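1. 3D, please:
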Amino acid sequence: MKLGLLCAGLMAACVLASGTERTEAASRRFLLKDGQKVLLLGDSITNAGGYTQYVDAYLRTRFPAQHFDLYNLGLPSETVTGLSEPDHPYPRPDVHTRITRALERIKPDVVVACYGMNDGIYYPFSEERFEKYQQSMRDLMARAEGAGAKVVLLTPPPFDPVPMKGKLLPAGAPKYSWVAPYERYNDVLARYADWLLTLRPQVPVGDLQHATMSYLAATRRTEPGFAITGDGVHPNLNGHAVIAVELLNTLGAPAEVDRAEIDARGLKATYGQVSGIAADQGGLRFEWVSRLPMPEDPAWDPSVVPNTHLEERLNQHRLVIKGLAPGRYALYEGNAHVGEISAPELAKGIDLLRYPVLSTNRNAIELLKLVRQRERLLSPAWLTSVGHSRPGTPAGLPLDEAQRQAAPLEEKLRELAQPVKLSLRVVPVQNLERQNGSTIPAAREGGA
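-> Residues are numbered from 1 along each chain as shown. Got it, this is the predicted structure:
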């Protein structure tokens, strides 16, 4: 008896070790490391906070035992070149006027920079402006690296002419601006992006230009007028999701959230932190300690997840149960009905992101809400404390006060990000129908 218990314990330890080893190997490939500070620089697209919040939520859910500090210091209207179109109401800010203060105050380990949208000043292509952009980006890299930070660059996301019909100007117009841009302005940004990509042997470069264009092309096959901006420039949350996916992939972010694999015949786990496996009404019950997935924002268009390949690239959360008798099974968490799945689907593995009722998914969405609250407190405060030259930017709270108000949010976030013990069971539908004299609740749309 003792020998059997010892063998079972060793087998469980091996299962856990194999899962841990795979997770640790993926984590070693990730550019960010525990305890690091990440400074995010850019214009109004970064300042809006969407993609920075998604990245923050990913880090918290994927690495709940680690700590990363993200500082969103994006500034609306900003450039890396200091150039402005003639009709801009004030000279556009130049990041070089504040980067030294930001580096000294924050002392980041990593600097992520996204510039270009404003640097072409919404005009047709100019070699002079292009050369200025190239030199300015090199200067930015040199300053960050000189301060001991690793640099990650993002190409400018595209300018989308679709929502700007009737407001675009052809080549040869006397002047252009962000409210009346050159009709083929994205050709300019694409050249800037292509140049940045040539730096990849030197620094990691996330290709927002092509990632966003690919997403738009895929979505417009079925929705021809689909757009992610109202003004061609500023992406909505769908666009920010695309940016977050590309940035995380550029950083080498691990794809797997968590995975459980169970042999129903042998009542044993072959992968994952699974315990308490037992037969239950012709099915199975067990407990699984699982990390949370990266939250999938309910505000996203349905096209976001499939057309960015989000789950395949960053959010694989799967349950595999092999050896069940043929038939359909009801999946429960505690007493809550989750869905109805066939034995072959369970043997292949079901995607748990499709079931919003699961605690892991509900906790992830709540975590995203807190991430947003925290960033909206701290980012304006840091931006104000570092200082900038843009007129009309609302001042944040004094930094000490913002940090005081953010502290309880941080505590809640750390608690909410911890892995969840899921009490799950799968029961043959026919057994439940015989027992209850009626059918179980209808399966949620999306199924397995």
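
2. So for the strand or helix carrying residue 408, what gets flagged as buried?
-> Assigned by DSSP states H and E, residue 408 belongs to helix 399-416. For helix 399-416, burial by neighbour count (16 or more other C-beta atoms under 10 Å) applies to 399, 402, 406, 409, 413, 416. From N, CA and C alone the C-beta is placed, and that goes for glycine too.

3. just so I have it, where are all the strands in this protein?
-> In order along the chain, the chain carries the following strands (DSSP state E): 37-42, 69-72, 110-114, 150-154, 205-206, 256-263, 268-271, 274-280, 283-290, 316-322, 328-333, 336-342, 350-351, 420-428.

4. want to try TSV for the buried residues of helix 399-416, with pLDDT and distance to residue 321 as columns?
-> Supplementary listing: the buried residues of helix 399-416 in TSV, determined by pLDDT from 0 to 100; distance: C-beta to C-beta, whole Å:
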residue	pLDDT	distance to residue 321
399	97	51
402	98	47
406	98	42
409	98	38
413	98	32
416	98	28
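
5. so which pair among those residues is furthest apart in space?
-> For the buried residues of helix 399-416, the farthest-apart pair by C-beta to C-beta is 399 and 416; their separation is 24.8 Å.

6. Can you give the domain ranges for the protein?
-> Domain assignment of the chain by automatic domain parsing yields the ranges 31-253, 255-448.

7. what's the least confident stretch among those?
-> Between the domains of the chain, the lowest average pLDDT goes to domain 255-448, which shows a mean of 92.

8. Tell me how many other residues surround the residue lying closest to residue 246 once chain neighbours are set aside.
-> Closest residue to residue 246 in three dimensions, ignoring its sequence neighbours and counting by C-beta to C-beta, 6 or more residues apart in numbering: residue 211, at 4.2 Å. Other residues near residue 211 come to 22 when the count uses other C-beta atoms under 10 Å.

9. Against residue 245, how distant is residue 211?
-> Relative to residue 245, residue 211 is positioned 7 Å away (C-beta to C-beta, to the nearest Å).

10. between these two, what contacts are shared?
-> residue 308 (C-beta atoms under 8 Å, 6 or more residues apart in numbering).

11. Touching, residue 342 and residue 330? I think so.
-> No - judged on C-beta atoms under 8 Å, residue 342 makes no contact with residue 330 at a distance of 11.3 Å.

12. could you dump the strands of the chain to TSV with mean neighbour count and distance to residue 85?
-> TSV is the format used below for the strands of the chain (neighbours: other C-beta atoms under 10 Å; distance: least, C-beta to C-beta, whole Å):
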stretch	mean neighbour count	distance to residue 85
strand 37-42	24	19
strand 69-72	21	26
strand 110-114	25	20
strand 150-154	23	22
strand 205-206	21	26
strand 256-263	21	45
strand 268-271	18	57
strand 274-280	14	60
strand 283-290	20	51
strand 316-322	21	45
strand 328-333	21	55
strand 336-342	19	53
strand 350-351	20	47
strand 420-428	20	51
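
13. on that earlier part again, would you confirm that the residue nearest to residue 246 contacts residue 248?
-> No - the pair residue 211 / residue 248 is not scored as a contact, 11.3 Å apart, by C-beta under 8 Å.

14. who's in contact with residue 85?
-> With contact set as C-beta under 8 Å, 6+ apart, residue 85 has these partners: 121-123, 175-178.

15. And for residue 52?
-> Contacts were defined as C-beta under 8 Å, 6+ apart; by that measure residue 52 touches 40, 46, 70, 72, 74, 375.

16. tell me which of those is nearest to residue 289?
-> When the contacts of residue 52 are compared for distance to residue 289, the smallest value, 26.6 Å, is given by residue 70; criterion: C-beta to C-beta.

17. Now do the contacts for the closest one.
-> Counting by C-beta under 8 Å, 6+ apart, residue 70 makes contact with 38, 40, 52, 55-56, 59, 375.

18. before we move on, back to that, list only buried entries from the contacts of residue 85.
-> Among the contacts of residue 85, those classed as buried by 16+ other C-beta under 10 Å are 121-123, 176-178.

19. and the residue lying closest to residue 74 once chain neighbours are set aside, how many residues sit next to it?
-> Excluding its sequence neighbours, the residue lying closest to residue 74 (C-beta to C-beta, 6+ apart) is residue 46, at 2.8 Å. Burial of residue 46 is recorded as 26 neighbouring residues (other C-beta under 10 Å).

20. if I look at residue 46, how far off is residue 117?
-> Residue 46 sits 10 Å away from residue 117 when distances are taken as C-beta to C-beta.

21. what does residue 387 give?
-> According to C-beta to C-beta, residue 387 and residue 117 sit 23 Å apart.

22. do the same with residue 93
-> 13 Å.

23. Tell me which of those two has more neighbours.
-> Using other C-beta under 10 Å, the more surrounded residue of residue 93 and residue 117 is residue 117, with 25 against 22.

24. hang on, the more buried one packs against residue 154?
-> No - counting by C-beta under 8 Å, residue 117 does not reach residue 154; the two are 10.7 Å apart.

25. quick one, helices of the stretch 101-250 of the chain?
-> Secondary structure of the stretch 101-250 of the chain (DSSP state H, counting those that start in this stretch): helices located at 127-146, 185-197, 208-220, 237-250.

26. could you give the angle of the last one to strand 37-42?
-> So the one you mean is helix 237-250. On the basis of axes from the mean of the first three to the mean of the last three C-alpha atoms, to 10 degrees, helix 237-250 is oriented at 130 degrees to strand 37-42.

27. Give me the distance from helix 237-250 to the chain's centre.
-> 6 Å (C-alpha atoms, centre = their mean, to the nearest Å).

28. Packing partners of that helix?
-> Helices and strands touching helix 237-250, by 3 or more C-beta pairs under 8 Å, 6 or more residues apart in numbering; DSSP states H and E, are helix 50-62, strand 150-154, strand 205-206, helix 208-220, helix 304-308, helix 310-314.

29. again, only this time at 7 Å
-> In terms of contacts (3 or more C-beta pairs under 7 Å, 6 or more residues apart in numbering; DSSP states H and E), helix 237-250 is packed against helix 50-62, strand 205-206, helix 208-220, helix 304-308, helix 310-314.

30. Comparing the ones you listed, which comes out most buried?
-> Mean neighbour counts were compared across the helices and strands packed on helix 237-250 using mean count of other C-beta atoms under 10 Å; the top stretch is helix 50-62, at a mean of 26.

31. Only alpha carbons, please: show it as PDB.
-> What follows is the C-alpha trace of helix 50-62 in PDB, where atoms were taken according to Å, rounded to 0.1, in the frame of the first residue of the first chain:
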ATOM      1  CA  GLY A  50      -5.300  50.300 -24.400                       C
ATOM      2  CA  TYR A  51      -2.400  48.200 -25.500                       C
ATOM      3  CA  THR A  52      -0.300  49.000 -22.500                       C
ATOM      4  CA  GLN A  53      -3.100  47.800 -20.200                       C
ATOM      5  CA  TYR A  54      -3.500  44.500 -22.200                       C
ATOM      6  CA  VAL A  55       0.200  43.900 -21.900                       C
ATOM      7  CA  ASP A  56       0.100  44.600 -18.100                       C
ATOM      8  CA  ALA A  57      -2.800  42.200 -17.700                       C
ATOM      9  CA  TYR A  58      -1.000  39.500 -19.700                       C
ATOM     10  CA  LEU A  59       2.100  39.900 -17.400                       C
ATOM     11  CA  ARG A  60       0.100  39.700 -14.300                       C
ATOM     12  CA  THR A  61      -1.900  36.600 -15.300                       C
ATOM     13  CA  ARG A  62       0.900  34.700 -17.000                       C
END
